[in-house]
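Asker: structure here, sequence nowhere to be found:
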């Protein structure tokens, strides 16, 4: 683990050698300036950080039992969306085994409105993760100095009140995604350049969505207000010490499995892009180490989360690329005039193209500006009525392959959905009204409702417990 720097108190300062008889007596003027004694140092404001590693658990810890109890704890107090308890459980264990990772996803707890459980979730995390540091409003300088000195698990509440527009803070959170992340600052009267590590597990809670670059490095859990039909216990702040045994067990389990997690190279679903695969790899390594149904269910949740992120991506250029590819595929064309494209876009009632700007439809110039960064520009197309401007599929193929899901992946997903709806007895079937408040923690031969699917557990698969 990276060595943490602890402040040195005055009582721990370097001792001075004792005086000898040969040393001259102290001058009456020593310790004085202009005949006056030096003023004593003013006491520092606030309180010093005191973050310590959890006490080890005295007995071997079974990873499967530990993960189940952590998951039950989240479900006990929170009405969570599909798959969220799986993400939270694995992220808690990731925070304990953070030293084994080379990339660390930010845990982003978001909601459309207040009173959706963000603060309760952070309060639970504070009781479960190692060296928690909870901050509701802070500065960039305070954060990177705290990370360098104490290596905390950083928990930031109400990030929407100070994150947006704060480029320095956003840069700190972005840089901390990888182990080598750091900030360069000058310190002291001689302005010496010094590096400050930004590598630490981090979770933030905010209303709305995080900035795009931050969201790309995050596991996003969208919280919501519970309905009258969802019943959970209320978290009493005076009773949070009841979770200390979980923190200690998680610390012991992660220490015992640190070498295995460090050398792990878990397989990631092909549906995940490179950044999403980096985000999920440390959590999938933990799921594989826990064993039984956790490896499979964790990957199901990862695929669903990535699919939801793709569907929620409202970048206009990506929407346009997707609509263009669909139209090229539908009519089997190799080239389309600008007029043909715009007429088709106007017919897509669920898209924004017909009322693009100030109630007017997308224009040829606007479309050209959106496509130009992707290497596609309008070219001459000869038709029966003359020469018109338009787009060739070959000019767009590179953008299709780089920025859109492959047709093979879409076909596989469509076939899986169709097969699930036709065969009600198969192990994976669509959940009609999924609510994770009724989600059973993972276990042998149980039905787990995860990521919009009901997963019927098979017989024991076994797996390393990681004593």
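Answerer: Yep, that arrived. Since this is a predicted model, take the numbers as computed values, not measurements.
Asker: could you report the neighbour count for residue 45?
Answerer: Using other CB atoms under 10 Å, residue 45 has 5 other residues around it. All C-beta atoms are positioned from the backbone trio N, CA, C, and that covers glycine.
Asker: remind me which helix or strand it belongs to.
Answerer: Applying DSSP states H and E as the criterion places residue 45 outside every helix and strand.
Asker: for this structure, which helix or strand comes out least confident on mean pLDDT?
Answerer: strand 428-430 (a mean of 33; mean pLDDT, DSSP states H and E).
Asker: pLDDT score for the spatially closest residue to residue 193 that is not a sequence neighbour?
Answerer: Excluding the flanking residues, the one nearest residue 193 by CB to CB, 6 or more residues apart in numbering is residue 186, at 5.5 Å. Residue 186 carries a pLDDT value of 89.
Asker: residue 271 now?
Answerer: 87.
Asker: kindly report the same for residue 60.
Answerer: On the pLDDT scale, residue 60 gets 95.
Asker: and for residue 205?
Answerer: Confidence score, pLDDT, at residue 205: 93.
Asker: mind listing what the helix or strand hosting it pairs with, with the direction of each?
Answerer: Residue 205 is located in strand 202-207, with elements delineated by DSSP H and E. If you go by DSSP bridges, strand 202-207 pairs up with strand 106-111 (parallel), strand 153-156 (parallel).
Asker: and that strand, how far out from the chain's middle?
Answerer: Distance of strand 202-207 from its chain centroid, counting by CA atoms, centre = their mean, to the nearest Å, is 9 Å.
Asker: list the buried residues for that strand?
Answerer: 202-206 (16 or more other CB atoms under 10 Å).
Asker: then stretch 336-347?
Answerer: 336-338, 340-342, 344-345.
Asker: from those residues, which is closest to residue 228?
Answerer: Using CB to CB, residue 345 comes nearest to residue 228 of those, at 42.7 Å.
Asker: so the closest one: helix, strand or coil?
Answerer: The local conformation at residue 345, judged by DSSP: H, G, I helix; E, B strand; the rest coil, is helix.
Asker: quick one, helices of the stretch 151-300 of the chain?
Answerer: 167-175, 212-215, 244-256, 258-263, 274-290, 294-312 (DSSP state H, counting those that start in this stretch).
Asker: distance of residue 152 relative to residue 345?
Answerer: The gap separating residue 152 from residue 345 is 50 Å, by CB to CB, to the nearest Å.
Asker: just residue 322 next, same as before
Answerer: Residue 322 is 11 Å from residue 345, by CB to CB.
Asker: do residue 139 as well
Answerer: 46 Å.
Asker: before we move on, what about residue 90?
Answerer: Distance from residue 90 to residue 345, by CB to CB: 41 Å.
Asker: try residue 211
Answerer: Distance from residue 211 to residue 345, by CB to CB: 29 Å.
Asker: also residue 290?
Answerer: 48 Å.
Asker: before we move on, back to that, restricted to helices, list the buried residues of stretch 336-347.
Answerer: Of those, the ones assigned to helices by DSSP state H are 338, 340-342, 344-345.
Asker: turn these into JSON lines, columns for pLDDT.
Answerer: Below are these laid out as JSON lines (pLDDT from 0 to 100):
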{"residue": "338", "pLDDT": "95"}
{"residue": "340", "pLDDT": "94"}
{"residue": "341", "pLDDT": "95"}
{"residue": "342", "pLDDT": "94"}
{"residue": "344", "pLDDT": "94"}
{"residue": "345", "pLDDT": "94"}
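Asker: export those to TSV and append columns for distance to residue 400.
Answerer: As requested, those are arranged in TSV below (distance: CB to CB, whole Å):
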residue	distance to residue 400
338	18
340	18
341	15
342	19
344	17
345	17
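Asker: so which of these is the closest to residue 148?
Answerer: Distance to residue 148, by CB to CB, is smallest for residue 345 among these, at 51.5 Å.
Asker: quick one, strands of the stretch 51-200 of the chain?
Answerer: 106-111, 132-135, 153-156, 182-187, 192-197 (DSSP state E, counting those that start in this stretch).
Asker: need those strands in a markdown table (columns: mean neighbour count and distance to residue 378).
Answerer: Shown next, in a markdown table, are the strands of the stretch 51-200 of the chain (neighbours: other CB atoms under 10 Å; distance: least, CB to CB, whole Å):
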| stretch | mean neighbour count | distance to residue 378 |
| --- | --- | --- |
| strand 106-111 | 24 | 39 |
| strand 132-135 | 18 | 51 |
| strand 153-156 | 25 | 46 |
| strand 182-187 | 14 | 45 |
| strand 192-197 | 13 | 48 |
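Asker: out of those, nearest to residue 284?
Answerer: strand 106-111 (15.5 Å).
Asker: and the closest one, how far out from the chain's middle?
Answerer: 7 Å.
Asker: for that strand, which outside residues touch it?
Answerer: With contact meaning CB atoms under 8 Å, 6 or more residues apart in numbering, strand 106-111 is reached by 87-88, 91, 117-118, 121-122, 125, 173, 176-177, 201-210, 214-215, 217-224.
Asker: give me the buried subset of these.
Answerer: 87-88, 91, 117-118, 121-122, 125, 173, 176-177, 201-206, 209-210, 214-215, 217-223.
Asker: give me the domain ranges for this protein.
Answerer: The chain breaks down by automatic domain parsing into domains covering 63-312, 316-403.
Asker: remind me which residues of the chain are low pLDDT?
Answerer: Within the chain, the stretches with pLDDT under 70 are 1-41, 237-241, 308-314, 406-467.
Asker: what residues does residue 141 make contact with?
Answerer: residue 185.
Asker: tell me the secondary structure at residue 350.
Answerer: coil.
Asker: that one: neighbour count?
Answerer: 4.
Asker: and if you look at the one 10 residues further on?
Answerer: For residue 360, the neighbour count with other CB under 10 Å is 10.
Asker: and it, bridged to which residues?
Answerer: residue 357.
Asker: what distance do you get for the closest residue to residue 245 other than its chain neighbours to residue 92?
Answerer: Once flanking residues are discounted, residue 245 sits nearest to residue 57: 7.5 Å by CB to CB, 6+ apart. Using CB to CB, one gets 15 Å for the distance from residue 57 to residue 92.
Asker: more neighbours: which of these two?
Answerer: Remark: of residue 57 and residue 92, residue 92 carries more neighbours, 31 against 19, as counted by other CB under 10 Å.
Asker: give the contact list for the more buried one.
Answerer: Residue 92 neighbours (CB under 8 Å, 6+ apart): 70, 125, 128-129, 250.
Asker: try it again with 6 Å
Answerer: 70, 128-129 (CB atoms under 6 Å, 6 or more residues apart in numbering).
Asker: next: residue 380.
Answerer: Counting by CB under 6 Å, 6+ apart, residue 380 has contacts residue 387.
Asker: wait, a strand at it?
Answerer: Yes. Counting by three-state DSSP, residue 380 is part of a strand.
Asker: beta partners for it?
Answerer: residue 389.
Asker: so it versus residue 338, what's the distance?
Answerer: For residue 380, the distance to residue 338 - CB to CB - is 11 Å.
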